[in-house]
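Colleague: pasting a predicted model and its sequence here:
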Amino acid sequence: MNNCTERIYNGLVKENPTFVLMLGMCPTLAVTTSAINGVGMGLSTTVVLVLSNMLISMLRKIIPDSVRMPAFIVVVASFVTIVQFLLEGFVPSLYDSLGLYIPLIVVNCIILGRAESYASKNPVLPSIFDGIGMGLGFTVGLTAIGIVREVIGTGAAFGKQILPLADAAAGKGGYVPVTIFILPPGAFLVLAFLVALQNKVRNNAAKKGKKVPEASGCGEGCASCGNGACSGKVFPTGNEK
Amino acid sequence: MSENKLKMSSSPHIRSKDTSGKIMLYVTIALLPASAFGIWNFGLSALVMLICTTASSVLTEYIYEKLMHKKITVDDFSAVVTGLLLGLNMPASAPWWMGVIGGIFAILIVKQLFGGLGQNIMNPALGARCFLLISFTSQMTTFVYDGVTGPTPLAQLKAGEAVDSMSMLLGRIPGTIGETSVIAIIIGAIFLILMGVIDLRIPGTYIVTFIVFIGIFGHFANPDIGFFDPQYITAHLCGGGLMLGAWFMATDYVTSPITKKGQIVYGMLLGILTGLFRLFGGSAEGVSYAIIISNLVVPLIERVTLPKPFGKGGEK
């Protein structure tokens, strides 16, 4: 099981899809207006990711290499449809606020990326844990961005008002929400600052001589990578400085 | 000591005596009439606002450069200019801490994170103003004048009401601290032109394009106005931030094109965008957005207007 915990650590920290790999930026920027949206989006993606990783790993010897992309899409799209109906049925409020971005999970690059680079080459169990790790990493990333945006933009966290708002009409002082943070520009600002923060933490750790968790995949350069789909087109991750 | 007579150095051999600090000092001086008028017009709260924005800009620059172990560039006055311009773009009735946030945002995010003076992609003061405008819309668009909260002449104009052009020229109107008095701004602008800091190309093209645009499309926005109605055009020229923007913010060296043709294209783009936002946009004012959008297009403008070096090109 050591391999499995390693996969989870890999997804959460080493190759965190939001802060290190910078994958799935479209939902990351669009739905993180509140913490609860971030959690909802993250968990929906996790469910789809785990199931699709599992199924693709099971089918990896059957799917012909030349048509693997359409096959992956069909698998992913089926699970997304299931998740979409479940959300619509049981948490309609979340369904409404995530809106278009639920069907768009189909083309989320984290899911296709993991299918391509991990699940299609590895056995079922590690693939499941890879999905859990990556999904949780995505959830943590989205929730972090969501909390920061919600607190600064509305003074609330998870829908609860934690900073009392100012009321000019009643002459009551308090927090004046910085509305731009729940608007699109705020997403870019918060993401940039969080990425900068975690790079700073990593660099400091590297300076102190601690063993820095390096993102694998591109660690030894493209020649040794084995991920044919990337073929050097993947943009530099944290370790290429 | 004959070897001392021959000085060896690489080009450039002739250098202008102008430094960033000197130019920025001239701009600061040129902004003083508008600032003084703003303080006289809106009272002490305007002074407090100007001090808050300027002090927070300068302090942010100092602290950031200290923390990042960079060369301290506070003495080149560029942070002062940014802070002062931001203050002049704020309503006097906005709370002081908004000015502080604006100053920090302008210097930290718009200027220093992109690499400091010369690297910023848009005018820091306007970037911060738009940040505040989006964040605190109600405080940033409430204008108190003589104790009364009223619409700016530009908003009245958009609503089709009559405005008094003379008081707009003098500046006895509600608005942001520095934008109201056309005369005070023009005094500063003439000073800058005489000192050779700015030339007429950008502001001139901007204003002329704007007049043409407003003259033609004013009729379509409001059918009561005829084509090239002089009173309507005067009101648009004297109202809002057009003058402050055209003379002091569109001409910012960093965020305007270097090429002569590019400056003309840039001025025309500014005029068209400002007219478009004012006549057909949701709010009455559009100068700040027009300038920051044009700032972002500047690299493209420079690329297409690059002059051909002598000897290249020519007849085919």
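Modeller: That came through fine.
Colleague: any weak-confidence spans in chain B?
Modeller: For chain B, the stretches flagged by pLDDT under 70 are B:1-4, B:313-316.
Colleague: show me which residues of it are close to chain A?
Modeller: Counting by Cβ under 8 Å from any Cβ of the partner chain, chain B comes close to chain A at B:101, B:109, B:131, B:134-137, B:139. For glycine as for every other residue, the C-beta is placed from the backbone atoms N, C-alpha and C.
Colleague: any idea how far residue A:119 is from the residue lying closest to residue B:189 once chain neighbours are set aside?
Modeller: Spatial nearest neighbour of residue B:189, chain neighbours left out: residue B:247 (4.0 Å); criterion: Cβ to Cβ, 6 or more residues apart in numbering or on different chains. To residue A:119, residue B:247 is 61 Å away according to Cβ to Cβ, to the nearest Å.
Colleague: in stretch A:85-102, what's buried?
Modeller: Residues of stretch A:85-102 classed as buried: A:87, A:94-95, A:97-98, A:101-102 (neighbour count, 16 or more other Cβ atoms under 10 Å in any protein chain shown).
Colleague: so what touches that stretch?
Modeller: A:26-27, A:30-31, A:33-34, A:36-37, A:40-41, A:44, A:80, A:83-84 (Cβ atoms under 8 Å, 6 or more residues apart in numbering or on different chains).
Colleague: list the contacts for the most centrally placed residue in chain B?
Modeller: Of all residues in chain B, the one closest to the mean position by Cα atoms, centre = their mean is residue B:249, 2.0 Å from it. Shown in contact with residue B:249 (Cβ under 8 Å, 6+ apart): B:85, B:123, B:125-126, B:291.
Colleague: from these, which land in strands?
Modeller: Using DSSP state E, no member of the contacts of residue B:249 falls within strands.
Colleague: and for the residue of the stretch 151-300 of chain B found nearest chain A, the neighbour number?
Modeller: Closest contact between the stretch 151-300 of chain B and chain A, by Cβ to the nearest Cβ, is at residue B:292 (11.9 Å). The burial metric for residue B:292, expressed as a neighbour count using other Cβ atoms under 10 Å in any protein chain shown, is 19.
Colleague: export the contacts of residue B:249 as TSV, with columns for distance to residue A:146 and neighbour count.
Modeller: Formatted as TSV, the contacts of residue B:249 follow (distance: Cβ to Cβ, whole Å; neighbours: other Cβ atoms under 10 Å in any protein chain shown):
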residue	distance to residue A:146	neighbour count
B:85	35	29
B:123	31	30
B:125	31	31
B:126	29	29
B:291	33	30
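Colleague: closest to chain A among those?
Modeller: Of all the contacts of residue B:249, residue B:126 has the smallest distance to chain A: 14.3 Å, by Cβ to the nearest Cβ.
Colleague: what residues are up against the closest one?
Modeller: Here residue B:126 is in contact with B:85, B:89, B:245, B:249, B:288, B:291-292, B:295 (Cβ under 8 Å, 6+ apart).
Colleague: repeat that with 6 Å
Modeller: By Cβ atoms under 6 Å, 6 or more residues apart in numbering or on different chains, the residues touching residue B:126 are B:249, B:288, B:291-292.
Colleague: helices - which of those residues land there?
Modeller: B:288, B:291-292 (DSSP state H).
Colleague: stretch B:225-232: which residues count as buried?
Modeller: Applying a neighbour-count criterion of 16+ other Cβ under 10 Å, the buried positions in stretch B:225-232 are B:225, B:229, B:232.
Colleague: quick check: end-to-end length of that stretch?
Modeller: 8 Å (Cα to Cα, to the nearest Å).
Colleague: got the contact list for it?
Modeller: In contact with stretch B:225-232 (Cβ under 6 Å, 6+ apart) are residues B:215, B:218-219.
Colleague: out of the residues you listed, which comes closest to residue B:198?
Modeller: residue B:215 (25.3 Å; Cβ to Cβ).
Colleague: host element of the closest one?
Modeller: For residue B:215, the host element (DSSP states H and E) is helix B:201-221.
Colleague: make a markdown table out of the buried residues of stretch A:85-102 and add secondary structure and pLDDT.
Modeller: A markdown table is the format used below for the buried residues of stretch A:85-102 (DSSP: H, G, I helix; E, B strand; the rest coil; pLDDT from 0 to 100):
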| residue | secondary structure | pLDDT |
| --- | --- | --- |
| A:87 | helix | 91 |
| A:94 | helix | 87 |
| A:95 | helix | 89 |
| A:97 | helix | 85 |
| A:98 | helix | 86 |
| A:101 | helix | 86 |
| A:102 | coil | 88 |
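Colleague: between those, which is nearest chain B?
Modeller: residue A:97 (21.1 Å).
Colleague: quickly note the distance from the closest one to residue B:75.
Modeller: If you go by Cβ to Cβ, the gap between residue A:97 and residue B:75 works out to 50 Å.
Colleague: list the contacts for residue B:242?
Modeller: Residue B:242 neighbours (Cβ under 6 Å, 6+ apart): residue B:287.
Colleague: if we go to 10 Å?
Modeller: B:154, B:179, B:182, B:185, B:203, B:206-207, B:210, B:236, B:250, B:270-271, B:274-275, B:278, B:285-287, B:290 (Cβ atoms under 10 Å, 6 or more residues apart in numbering or on different chains).
Colleague: hang on, the earlier thing: so the residue nearest to residue B:189 touches residue B:179, yeah?
Modeller: No. Between residue B:247 and residue B:179 there is no contact under Cβ atoms under 10 Å: 11.1 Å.
Colleague: more neighbours, those two?
Modeller: residue B:179 (28 against 25).
Colleague: what is the neighbour count of residue A:187?
Modeller: Other residues close to residue A:187 by other Cβ under 10 Å number 21.
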